[in-house]
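Student: Just to be clear, the model below is a prediction. Sequence and coordinates:
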Amino acid sequence: MIGSVLFYALYPLSRYLISRASKASKKDLPPEVVNGTAVWDGGAVTTRKFTQSQTTLLDQWLSPSSGTKGETKERMKEPSPEEEDHMRPDTDKEQLMAVLHEEAQDEAASKTSEVQPAVMEQEAETRNGPQQDKVEAPKQEEKEITFQNTEGGSIFPNEDINPEQELRAHLECLQTDDSTQPPQTTCPVQKKVAIPSLEESVTLAEPSIQETTSPVWEQTQIPSIEESITPAEFTAEVTECWDEYIAPAADEMHCGESSNLIFTSLLSDTRLKLSGEHAMQTGWHFPAGPGLAEEVQCLLGQFPAVSYYPPIELTVPFEVMWRVWVEVDESASAALIPLPFTKPWMDFTVMSYNILAQDLLEANQELYIHCPLEVLDWSYRCSLLLEEIRKWAPDILCLQEVQENHYHEQLFPFLSQMGYTCVYKRRTGTKTDGCATCYRSSCFSEISVTTLEFFRPETELLDRHNVGIVVLLQPVVTRGSEVKAKGPPLCVANTHLLFNPRRGDVKLAQLAIMLAEIDSVVKSCKAKGEHCNLILCGDFNTVPHMPLYQLITTGELYFQGLPAWMISGQEDMSHRVYGHRLFAPLWPSCLGITDNCQYTTAKETFESQSQKPGKYQYSHDFLLQLRFCPATCVRPLDLELIPGVTDNTPDASRENQPYDKSFRPTISHQLDLESVYTHILPGSGNPEVTTLHSEVGATVDYIFYTPRRYHLTADQKGQWHAGPPSPKLHHWGVFEPHGATSSPKSPHPPGGLLCSRRKAPLHPSALLHPHPPAPRLSPAPSTQWPSASLLLLLLLLLHQEDQLSSGTQNVLTDALDLFLLVNLLAGLSRFPQQMANS
Amino acid sequence: MNNKFDALKDDDSGDHDQDQGSPKDSEKEKTEDEDKEQNISKKKMVVPGAGEHPLQYNYTFWYSRRTPGRPASTQSYEQNIKQIGSFASVEQFWRFYSHMIRPGDLTGHSDFHLFKEGIKPMWEDDANKMGGKWIIRLRKGLASRCWENLILAMLGEQFMVGEEICGAVVSVRFQEDIISIWNKTASDQATTARIRDTLRRVLNLPPNTIMEYKTHTDSIKYQHHNRIRLDYFAFRL
């Protein structure tokens, strides 16, 4: 109530200031400003997170961060609200007013009575405060206090973050804004955030708030006020529950006072480091690819769950496509390019499917409230799942979220009866689900199986209970019980990475373990002179083209300074200016994995030694691993004790930290992996979707594989020819149905590798409009769709290794020697009906 | 302590910031070389323990410290450089290293030397006399980390220059610290370039870091002309 009073008092004042500013700049208010104001008039509590937190935080820190503004050290130590108020230089008044204005609206909207005592209290303090020299009206001070109150909610529930990093990020923004903001800025909010889509999403959110029809919203609104956590934050917690529930434990919830102290005490240190870093306000970019030559741009607002409340845009129909096998236009491509192979040696299909564990479904029912209860029943879903598997009968089946009891009771009996050999790995910890990799015993024989646990108690970072399975298979052709032929080994890796959208650092480390294991499998094949083909699939909880994806597909990622949430890009958390950022080293050397995503084990070292007899070569990481082994902590008998020189005491806890810094700010891997899907629908350009529930529709499931590649050479006429395939290359390709760019005469950059296929064709799994579906319309699970995710299925053709060397010379290879069929299930076809019903 | 380098002489008169990584030349030293070599050869060669990770070469740690005041006699060098111990495996190395103070925490005018067993940390040693060293001057606070990275690369055979590497030195000085790595053949430019590039990599040096290569014959020649040397390098930089 006080808030609303303040709002009405302040609103005209802020309008006045804004108009004055616009006069000063001799310009009319840009229309965006007007829009922005209108949006804020709605008093949407959630929208505050997007713009206001940045702005207010900027404001809040503006003064303490720059010593030139003339604050005393005393103030920096105790940034109490009233001080903040006065510390602002006059030039920032307009900005301040805008903030105050918004704040008042927020307060008015939330009408929380719990905040009021605190307001009164601080107000009293303010009035007694010694610094009332500046000219802000008393009412403005109250505003400031309010702002501080809400601010506390948004700052402190941050995750386990190094406050210094947060602060650094924060100060970056400050400095940039401070120096670059032109004086005629009439709407600092818009300028600073600069997300074109922001307004839109904010506007969209508004009706949902007013109507409070969205169940998710209803749930979150009330607790958020009680706990003085901003709604967006609260929803974040809810979201995490879905897969990896993390209690908002003490380590993630810094208390206000201590945080303040930490920040201020760090100010002087961090300011120095800021200058070199670039404030990324309007979007993010990060280098990736070989030699980090590729710059990946991602604009803010392009994330699938750009906010925690789904934009409601009911008028836009879902785009639904039949999930059918897409056949390649063989005639066209055959005319262009004579296929170098007469016949594939073997073809096989791979399916990746997150089947949604029942325990997780029940633990996160809020994500599925749109679904009729009967379709959520396990026995019902199970029968559909088994039917799907039976129908598609993939040769290799990679499942995620397989609940242990369901695996033993239903899936395993069913699959073994179908002729599959199965490997199951349950997650560590208390979760009951896991991954399963199954393959047709008639097509493959097992060379090796490794199950991976990403939980590493000795590594603080790896405290989450996710698992993976790496299987090395030997393709075989059998007739009766007799093996007729063997193909090159095939490594199939299946995993389900951590869900938590904020913990991209954990995801990267989990992926690194996976890649290191694959790497060792590949090396073991190489040691036998065999070339190993790869399939890496599963639920990566990562959106296409975001850093984790880039690491997989380009082989290299520069992660220094990237915010942790951006690694997966599941949600846009750019509003969290305190968000955790990544800095080298990502993981300690005791994990035994290099920044090349390879093992650094003694075993490996000795293997390499055996190749070079008489040469003892050790990597830095390997040497460090032996540093505190028991034998090295014994003082050598012949070591004379020289005080101040040889009287050191070995102390692992003290010394390991500062000295194992050989980790580069780049991680990379040597595997050649490419996604089967392009993640964009041909034609419409809309993103593909592989998972869909009430909050998110996005691509998070992938099948990566080693594509077949050729070296290209140009003859004197400028024609490109395929050289002999590089030894790294593999015998698969993907056929593209709409191969408009595949003219053999089209120039290609000289040198380098040419992909034998164009970017994956296909068809997505589900084709949905980019906007996440409204909760009620969310289709999964449904009567035809047993899981919240879609299965991915592809067909690969495998050629005999030695066939390659013959007949491939002088063949233009922009074309495919292979057919890939990626496919999806027919279940979607009934989708529109369901939507129509609802 | 054995291996007394009675010929070692403190010559850094008036130039405390020059690298003093090696004991300096002396006429007398040459006459006594034979004695020292006998000393070393008498010492039993260390061998890797059972199950330990052998190193390509055995190494010896040395420590030297400039005594306060002006050392006037050759006898004082006995206290100036000490052999700390030799090792033949990774584990043995860590055993010594873990019990040694980090260079950054050393007080005064001190040096750690890590040389292949049998090579003395002196310009005049047979292995060194045709050689030279790469020198990197570090601002205070970096020596411990750089030294560790440097010697781990050396012990792990990361320089890939065959038998060219002789040893490495970290010199703690008043305003800066200096690390250097010595090799056998100063005239072998391919080798010195490769050492330089490896150094940059293993030390994570910023691209603009200044690295000097100095031949030991120059060091000997100019040892009494420190001022001149300073000017010379100032010019070169």
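Tutor: It's in.

Student: so what strands line up beside the one helix or strand A:V470 maps to?
Tutor: Assigned by DSSP states H and E, A:V470 falls within strand A:467-479. When sheet partners are counted by DSSP bridges, strand A:467-479 sits next to strand A:444-453 (antiparallel), strand A:482-486 (antiparallel), strand A:490-496 (antiparallel).

Student: If you count neighbours, what's buried in the longest one?
Tutor: If you call a residue buried by 16 or more other C-beta atoms under 10 Å in any protein chain shown, then strand A:444-453 has these buried ones: A:F444, A:I447, A:T450, A:T451, A:L452, A:E453. All C-beta spots, glycine's among them, are computed from the backbone N, C-alpha and C.

Student: Sketch out the low-pLDDT regions of chain B for me.
Tutor: Residue ranges of chain B with pLDDT under 70: B:1-44, B:67-79, B:223-237.

Student: if we go to 50?
Tutor: In the predicted model of chain B, residues B:1-42, B:71-75, B:227-237 satisfy pLDDT under 50.

Student: what residues does the stretch 451-600 of chain A put near chain B?
Tutor: Residues of the stretch 451-600 of chain A lying near chain B by C-beta under 8 Å from any C-beta of the partner chain: none.

Student: Go ahead and report the secondary structure state at the closest residue to chain B within the stretch 451-600 of chain A.
Tutor: Closest residue of the stretch 451-600 of chain A to chain B, C-beta to the nearest C-beta: A:A584 (10.0 Å). Following DSSP: H, G, I helix; E, B strand; the rest coil, we place A:A584 in the coil state.

Student: I'd assumed A:D647 was in contact with B:H99.
Tutor: Yes. Between B:H99 and A:D647 there is a contact at 7.5 Å, judged by C-beta atoms under 8 Å.

Student: With neighbour numbers in mind, choose between the two.
Tutor: The residue with more neighbours, out of B:H99 and A:D647, is B:H99; 22 against 13, by other C-beta atoms under 10 Å in any protein chain shown.

Student: Over to the more buried one: give its phi and psi.
Tutor: phi -100, psi 0 (degrees, to the nearest 10).

Student: That one and B:E91: what is the separation?
Tutor: Applying C-beta to C-beta, to the nearest Å, the value for B:H99 to B:E91 is 13 Å.

Student: and if you look at A:H580?
Tutor: For A:H580 relative to B:E91 (C-beta to C-beta), the value is 37 Å.

Student: Please apply the same query to B:K82.
Tutor: 23 Å.

Student: neighbours around A:K526, how many?
Tutor: 12.

Student: My read is that it contacts A:C491, right?
Tutor: No. The criterion here is C-beta under 8 Å, and A:K526 misses it with A:C491 at 11.6 Å.

Student: that older thread, what is the nearest of the buried residues of strand A:444-453 to A:L557?
Tutor: The closest of these to A:L557 turns out to be A:L452 (C-beta to C-beta; 20.5 Å).

Student: need the contact list for the residue nearest to the closest one when sequence neighbours are not counted.
Tutor: Spatial nearest neighbour of A:L452, chain neighbours left out: A:G468 (4.2 Å); criterion: C-beta to C-beta, 6 or more residues apart in numbering or on different chains. Residues in contact with A:G468 (C-beta atoms under 8 Å, 6 or more residues apart in numbering or on different chains) are A:425, A:435, A:451-452, A:454, A:493-496, A:510, A:513-514, A:517, A:538.

Student: would JSON lines of those with pLDDT be doable?
Tutor: Listed next are these as JSON lines, based on pLDDT from 0 to 100:
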{"residue": "A:K425", "pLDDT": "94"}
{"residue": "A:C435", "pLDDT": "95"}
{"residue": "A:T451", "pLDDT": "93"}
{"residue": "A:L452", "pLDDT": "93"}
{"residue": "A:F454", "pLDDT": "93"}
{"residue": "A:A493", "pLDDT": "96"}
{"residue": "A:N494", "pLDDT": "96"}
{"residue": "A:T495", "pLDDT": "95"}
{"residue": "A:H496", "pLDDT": "95"}
{"residue": "A:Q510", "pLDDT": "95"}
{"residue": "A:I513", "pLDDT": "93"}
{"residue": "A:M514", "pLDDT": "95"}
{"residue": "A:E517", "pLDDT": "93"}
{"residue": "A:G538", "pLDDT": "92"}
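
Student: CA atoms only: put the strand holding A:V470 into CSV for me.
Tutor: Output of strand A:467-479 as CSV, limited to C-alpha atoms (Å, rounded to 0.1, in the frame of the first residue of the first chain):
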residue,chain,number,x,y,z
VAL,A,467,26.0,-41.3,-15.6
GLY,A,468,27.0,-42.4,-19.0
ILE,A,469,27.6,-45.6,-20.9
VAL,A,470,30.3,-46.1,-23.5
VAL,A,471,30.1,-49.4,-25.5
LEU,A,472,32.5,-50.5,-28.1
LEU,A,473,30.8,-52.8,-30.6
GLN,A,474,31.9,-54.9,-33.5
PRO,A,475,29.5,-54.9,-36.3
VAL,A,476,29.1,-58.4,-37.5
VAL,A,477,27.2,-60.2,-40.2
THR,A,478,26.1,-63.6,-39.1
ARG,A,479,24.6,-66.4,-40.9
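
Student: all strands of chain B, in order?
Tutor: B:54-65, B:81-89, B:110-116, B:132-139, B:165-172, B:176-183, B:211-215 (DSSP state E).

Student: tell me which residues in the fourth one are buried?
Tutor: When burial is assessed from 16+ other C-beta under 10 Å, strand B:132-139 yields the following buried residues: B:G132, B:K133, B:W134, B:I135, B:I136, B:R137, B:L138.

Student: Which secondary structure elements does it sit against?
Tutor: Judged by 3 or more C-beta pairs under 8 Å, 6 or more residues apart in numbering or on different chains; DSSP states H and E, the packing partners of strand B:132-139 are strand B:176-183, helix B:189-202, strand B:211-215, helix B:216-222.

Student: Check the ones you listed for me and report the most buried one.
Tutor: Of all the helices and strands packed on strand B:132-139, strand B:176-183 has the most neighbours on average by mean count of other C-beta atoms under 10 Å in any protein chain shown, namely a mean of 24.

Student: Adjacent strands (with direction) for that one?
Tutor: With DSSP bridges as the test, strand B:176-183 is paired with strand B:132-139 (antiparallel), strand B:165-172 (antiparallel).

Student: would you list these in JSON lines and tack on distance to A:H545?
Tutor: Listed next are the strands paired with strand B:176-183 as JSON lines, based on distance: least, C-beta to C-beta, whole Å:
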{"stretch": "strand B:132-139", "distance to A:H545": "41"}
{"stretch": "strand B:165-172", "distance to A:H545": "45"}
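
Student: Dump the strands of chain B to JSON lines, plus distance to A:D621.
Tutor: JSON lines is the format used below for the strands of chain B (distance: least, C-beta to C-beta, whole Å):
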{"stretch": "strand B:54-65", "distance to A:D621": "16"}
{"stretch": "strand B:81-89", "distance to A:D621": "18"}
{"stretch": "strand B:110-116", "distance to A:D621": "20"}
{"stretch": "strand B:132-139", "distance to A:D621": "22"}
{"stretch": "strand B:165-172", "distance to A:D621": "20"}
{"stretch": "strand B:176-183", "distance to A:D621": "21"}
{"stretch": "strand B:211-215", "distance to A:D621": "25"}
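
Student: Can you check which of the ones you listed gets nearest to A:P394?
Tutor: The nearest among the strands of chain B, by C-beta to C-beta, is strand B:54-65 at 49.7 Å.

Student: Residues of chain B that sit close to chain A?
Tutor: Chain B comes close to chain A at residues B:1, B:49, B:52-56, B:63, B:65, B:82, B:84-85, B:90-92, B:94-96, B:98-102, B:106-107, B:110, B:144-145, B:148-149, B:152-153, B:155-158, B:202, B:204, as judged by C-beta under 8 Å from any C-beta.
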